[in-house]
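Undergrad: 3D, please:
(chains A, B, C and D)
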Protein chains: 2
Amino acid sequence: MSDELVNFFKALADSNRLKIVGLLAQQPYSVEELAALLNLKPSTVSHHLAKLAQVGLVSAKTQSYYNVYQLDEKALQSKSQNLFSQQNLAASVVDVDADAYDNKVIKDYVRKDGSLKTIPAQRKKLEAILRYVAKSFEANKRYSEKKVNEILSKYHEDTASLRRELVGSGLMKREGGGGEYWRE
Amino acid sequence: MSDELVNFFKALADSNRLKIVGLLAQQPYSVEELAALLNLKPSTVSHHLAKLAQVGLVSAKTQSYYNVYQLDEKALQSKSQNLFSQQNLAASVVDVDADAYDNKVIKDYVRKDGSLKTIPAQRKKLEAILRYVAKSFEANKRYSEKKVNEILSKYHEDTASLRRELVGSGLMKREGGGGEYWRE
DNA sequence: AATCTAATTTGATAATTATCGAATTAGATT
DNA sequence: AATCTAATTCGATAATTATCAAATTAGATT
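TA: Numbers count the residues shown, from 1 in each chain, chains lettered A, B, ... in the order given. Sure, this is the predicted structure:
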């Protein structure tokens, strides 16, 4: 999971820190100067600068008494270029459970014995249930309509609806005239 | 002042909202689905989506029961392009008081009668004080060294140091051999 | 070496905000 | 028309974080 991206946005999600970036884009400043310009205490500015430094946007050089901070314009440009690249978008999603929605629907509609309380009326939920039901059919194996109904009857008495929706949703195929069904 | 930029960053400065953006980059989702995928309550997701919508990153279409949200990829790209443009950087700084630092230094070093407590040892503060002192000289008018000392004596007894620093910092000029000074 | 000075760190407080549950709303289905 | 359903809004709470004051640190000047 990419904390890096969130931290980058968090670093800039503060009005005073944005002002600091704007000021440092003009010229380097010491902590004390920034504090005076922003009407903040040096300790507060130090805290803000630490957050900006943490994501590599600014860095400090000591000059005599002062700690002079400067903007790393290269980092700023390069980071801003691919903020929303495929990589970053994909990375933000990497730890979400893709099956969470189906599992929730299954949990809501399936009894402990595996049968369905009802057949969902809502499209999205029906599809989740169909994906669940379809797992009872071995991939690429041919089933007679009678056998299909037998299997579906474990889930719900309205086997005709289930069968029709399975085919309609594309989860199962039916041979044109004959009564053969299969899952690909 | 540009709240817009801060709000944009704030909208993305949250791990769950970044995940929402990542998910919507793949396909549109309803609030309910997002809630299940992120393991959050619908009301929380609704709140997040409102923030994203506020900055124009997502929008909703109602489909039957559902409110299906989609990512506005155009807005995403266009906004991310000039996040750190000159305009935005300048805008973030527009309401900072450019004289605040000098004013603070002056407040620290100048007595109510206008005289200096001391001449600052620190470079940056000395320069602020010199800018303050230099205002006592009319621009482009010529002053004899004696007159310069007389004016500077209102600030500090060490008129020689003040005079030397004023010239050294470039705030005042001196004619080569003669004793004439002026401010440009 | 002794003294200054700016910066940082630490601890406390106030403000912001993410999250949830309950109540309400808007729309679709029956 | 009556009933469902998902979404939103509202109110409350917990978690985060911006800010400051005080104490400490690191470095430079004398």
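Undergrad: Name the residue most distant from the centre of chain A?
TA: Largest separation from the mean C-alpha position in chain A: A:S64, at 47.9 Å (CA atoms, centre = their mean).
Undergrad: what's near enough to touch that one?
TA: Contacts of A:S64 were listed using CB atoms under 8 Å, 6 or more residues apart in numbering or on different chains, and they are B:122-123. Every C-beta, even on glycine, is put in place using the N, C-alpha and C of the backbone.
Undergrad: Can you read off the pLDDT for it?
TA: pLDDT for A:S64: 88.
Undergrad: And A:G168, by the same measure?
TA: Reading off the per-residue confidence, A:G168 sits at a pLDDT of 89.
Undergrad: how close does the residue farthest from the centre of chain A sit to DNA strand C?
TA: Here the distance between A:S64 and DNA strand C works out to 8 Å (CB to the nearest atom of the strand, to the nearest Å).
Undergrad: what separates that residue from B:N88, distance-wise?
TA: Distance, A:S64 to B:N88, by CB to CB, to the nearest Å: 33 Å.
Undergrad: repeat for A:N140
TA: Distance, A:N140 to B:N88, by CB to CB: 57 Å.
Undergrad: So for those two, which residue has more residues nearby?
TA: Each of A:N140 and B:N88 had its neighbours counted (other CB atoms under 10 Å in any protein chain shown), and the higher figure belongs to B:N88 (19 against 8).
Undergrad: Correct me if wrong: that one contacts B:N82.
TA: Yes: look at B:N88 against B:N82 with CB atoms under 8 Å: they come within range, at 6.6 Å.
Undergrad: can you pull the contacts of the spatially closest residue to A:P42 that is not a sequence neighbour?
TA: When the adjacent residues along the chain are set aside, A:P42 lies closest to A:A35, with 4.5 Å between them (CB to CB, 6 or more residues apart in numbering or on different chains). Contact analysis of A:A35 by CB under 8 Å, 6+ apart lists A:41-42, A:44-45.
Undergrad: Could you report the neighbour count for A:L23?
TA: Residue neighbour count, defined by other CB under 10 Å, stands at 22 for A:L23.
Undergrad: hang on, the earlier thing: what about the residue nearest to A:P42, which helix or strand?
TA: A:A35 is located in helix A:31-38, with elements delineated by DSSP states H and E.
Undergrad: Same question for A:S136.
TA: Per DSSP H and E: A:S136 is located in neither a helix nor a strand.
Undergrad: Show the contacting residues for it.
TA: Listed by CB under 8 Å, 6+ apart, the contact set of A:S136 reads A:151, A:154.
Undergrad: Tell me the backbone dihedrals of it, please.
TA: The phi and psi values for A:S136, taken as degrees, to the nearest 10, are phi -80, psi -10.
Undergrad: quick one: what helix or strand has A:L130 in it?
TA: helix A:123-134.
Undergrad: interface residues of chain A facing DNA strand C?
TA: Proximity of chain A to DNA strand C is confined to A:30-32, A:35, A:42-43, A:45-47, A:49-50, A:60, A:65-68, A:121 under the rule CB under 7 Å from any atom of the strand.
Undergrad: which among those end up buried?
TA: Among the residues of chain A next to DNA strand C, those buried by neighbour count (16 or more other CB atoms under 10 Å in any protein chain shown) are A:30-32, A:35, A:45, A:49, A:60, A:66, A:68.
Undergrad: Can you say which two of those residues are spatially most distant?
TA: When CB to CB is used, the two most widely separated members of these are A:A35 and A:A60, lying 14.5 Å apart.
Undergrad: Once you drop chain neighbours, what's closest to A:L83?
TA: Using CB to CB, 6+ apart and skipping residues adjacent in sequence, the residue nearest A:L83 is B:S80, 5.2 Å away.
Undergrad: Next, count neighbours for the one you found.
TA: By other CB under 10 Å, 17 other residues sit near B:S80.
Undergrad: Quick check, it in contact with A:S85.
TA: No: applying CB under 8 Å as the test, B:S80 and A:S85 come out as separate, 9.8 Å apart.
Undergrad: what's near enough to touch A:L12?
TA: With contacts taken as CB under 8 Å, 6+ apart, A:L12 has the following neighbours: A:18, A:21, B:9, B:13.
Undergrad: for the last one, what are its contacts?
TA: Shown in contact with B:A13 (CB under 8 Å, 6+ apart): A:6, A:9-10, A:12-13.
Undergrad: Which two of those residues have the greatest separation?
TA: When the contacts of B:A13 are compared pair by pair using CB to CB, the two farthest from each other are A:V6 and A:L12, 11.3 Å apart.
Undergrad: Just list the residues touching the residue nearest in space to the middle of chain A, thanks.
TA: With distances taken as CA atoms, centre = their mean, A:V93 lies nearest the centre of chain A, 3.3 Å away. Counting by CB under 8 Å, 6+ apart, A:V93 makes contact with B:19, B:22-23, B:26.
Undergrad: Spatially nearest residue to it, not counting backbone neighbours?
TA: A:V93 sits nearest to B:G22 (CB to CB, 6+ apart), 3.7 Å away.
Undergrad: Mind jotting down where the strands sit in chain A?
TA: For chain A, applying DSSP state E gives strands covering A:29-30, A:58-63, A:66-71, A:143-144, A:173-174, A:180-182.
Undergrad: Any chance of the ones you listed in TSV with distance to A:E165 as columns?
TA: Putting the strands of chain A into TSV (distance: least, CB to CB, whole Å) gives the following:
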stretch	distance to A:E165
strand A:29-30	66
strand A:58-63	58
strand A:66-71	59
strand A:143-144	16
strand A:173-174	12
strand A:180-182	13
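Undergrad: Please identify the most buried of those.
TA: Mean neighbour count, computed with mean count of other CB atoms under 10 Å in any protein chain shown, is highest for strand A:29-30 among the strands of chain A, reaching a mean of 23.
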